[in-house]
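Chemist: What follows is a predicted protein model with its sequence.
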Amino acid sequence: MHAPTPFVLLHLRWLQLRRALPAYGVVLLAFAVCAAVWLLRGMLLRDASYAPYVGGGALLGVWGLHQRRADLPFLHRHVQHARVAMALEYGALLFPVLLGLVLANAWWQATPLLLACALPWTPAIRSSGVRGKWVRRLVPTRLFEWRSAVQGTWPWAALLWVAALAFCWLPVLPLFLVGAIAMLAAGVQEQCEPRAMLLATTPDARALLRSKVLGAVRIMTLLALPVLLSATVFQPDWWWIHLLFGVGMLVLAAFAVVLKYANYVPNERLSANGAHVAVAAVFAILPGLNLVPLIMLLTEWPKARANLRSYFHDHHH
């Protein structure tokens, strides 16, 4: 047996990616990442004043990811060099942003991104109790995943949304922050409810899927629309980018729900779904490539209906 190495988390992410995508999907993902780096470089060459906001927003997003990691106790207990492994993972996550800044000659603004490698050595704040009570009351009971999202991400997600609205006069940062919120919302769709809760929600598979998807789209619209409209006021020439980005976020929210029920198993956590959602997110944020997550959504929809139908009608589950 090979001894554990600091690259164990990167190797795990690669295996999840290969399992989630066929070979051509990996190639398309690589193309999407390269396109994102190229777009970032072009934007910074046009106006270098955006570089600090891009770097700061990326670093803030990774810090939030570290704060929300549910596997921190497991990693520290069972993985050798856990902090080094997480540092390499965060570094790989930020590498496209770092590359875009470097290619735009924003060397000084790229330097703070290196601080992400020190995040595993910083404390992760864990609090208990019910958080965001008044926000949870606004979410319908049937959308328990979104209530769980409020509980698990409060107040960080609220701060992200406020920051996106406050910095709506910038061309990229508010989109990045809204994308981070969408990823948070998609992440909570990995937990499957008990079958009894499934049957008590709606009378059949079609109604449940429609209710969950429409509910996710409505909430995502309420989160993204004020930011995108405000950003369009300050950047009217970018209206089509904001429109495509907003559509991409709605498709991403719907896809996370449909993917969950396409692989639904009572009381299980579908960790492998994270790779699929991450791939869909990369394409959703790039104007002109939003069609890819839409195709992924339409592909998973009949699978979700068939899987749910078996749990609604088969009493042996």
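Modeler: Thanks, I have the structure now. Residues are numbered from 1 along each chain as shown.
Chemist: all contacts plus neighbour counts: C-alpha atoms, from now on.
Modeler: Fine.
Chemist: Leu286: neighbour count?
Modeler: Residues lying near Leu286 (other CA atoms under 10 Å) number 18.
Chemist: wait, doesn't it sit right on Ala36?
Modeler: Yes - counting by CA atoms under 8 Å, Leu286 does reach Ala36; the two are 7.0 Å apart.
Chemist: What ranges does the stretch 1-150 of the chain have for its helices?
Modeler: Taking DSSP state H, counting those that start in this stretch as the criterion, the stretch 1-150 of the chain contains helices spanning 8-20, 23-46, 51-68, 72-78, 82-103, 107-110, 133-138, 144-153.
Chemist: can you state the direction angle for the second one and helix 8-20?
Modeler: If I follow you right, that is helix 23-46. Angle, helix 23-46 to helix 8-20, by axes from the mean of the first three to the mean of the last three CA atoms, to 10 degrees: 120 degrees.
Chemist: so the residue nearest to Arg13 when sequence neighbours are not counted is in which element?
Modeler: Take Arg13 and drop its neighbours on the chain: the residue closest to it by CA to CA, 6 or more residues apart in numbering is Ala275, 7.8 Å away. Assigning secondary structure by DSSP states H and E places Ala275 in helix 273-284.
Chemist: follow-up on the earlier one: okay if I get the helices of the stretch 1-150 of the chain as TSV plus mean pLDDT and distance to Leu308?
Modeler: Converted to TSV, those look like this (pLDDT from 0 to 100; distance: least, CA to CA, whole Å):
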stretch	mean pLDDT	distance to Leu308
helix 8-20	81	21
helix 23-46	82	26
helix 51-68	78	30
helix 72-78	81	32
helix 82-103	89	34
helix 107-110	85	47
helix 133-138	72	27
helix 144-153	76	17
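Chemist: would you list those in a markdown table and tack on distance to Cys168?
Modeler: Shown next, in a markdown table, are those (distance: least, CA to CA, whole Å):
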| stretch | distance to Cys168 |
| --- | --- |
| helix 8-20 | 33 |
| helix 23-46 | 16 |
| helix 51-68 | 12 |
| helix 72-78 | 33 |
| helix 82-103 | 20 |
| helix 107-110 | 21 |
| helix 133-138 | 23 |
| helix 144-153 | 22 |
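Chemist: domain ranges for this structure?
Modeler: Using automatic domain parsing, the domain parsing of the chain gives 1-125, 134-317.
Chemist: The shortest one: how far from the chain's middle?
Modeler: Using CA atoms, centre = their mean, to the nearest Å, the distance from the centre of domain 1-125 to the centre of the chain it belongs to is 13 Å.
Chemist: just so I know, which of the helices of the stretch 1-150 of the chain lies nearest Ala164?
Modeler: Of all the helices of the stretch 1-150 of the chain, helix 51-68 sits nearest to Ala164, with 10.0 Å by CA to CA.
Chemist: All set, thanks.
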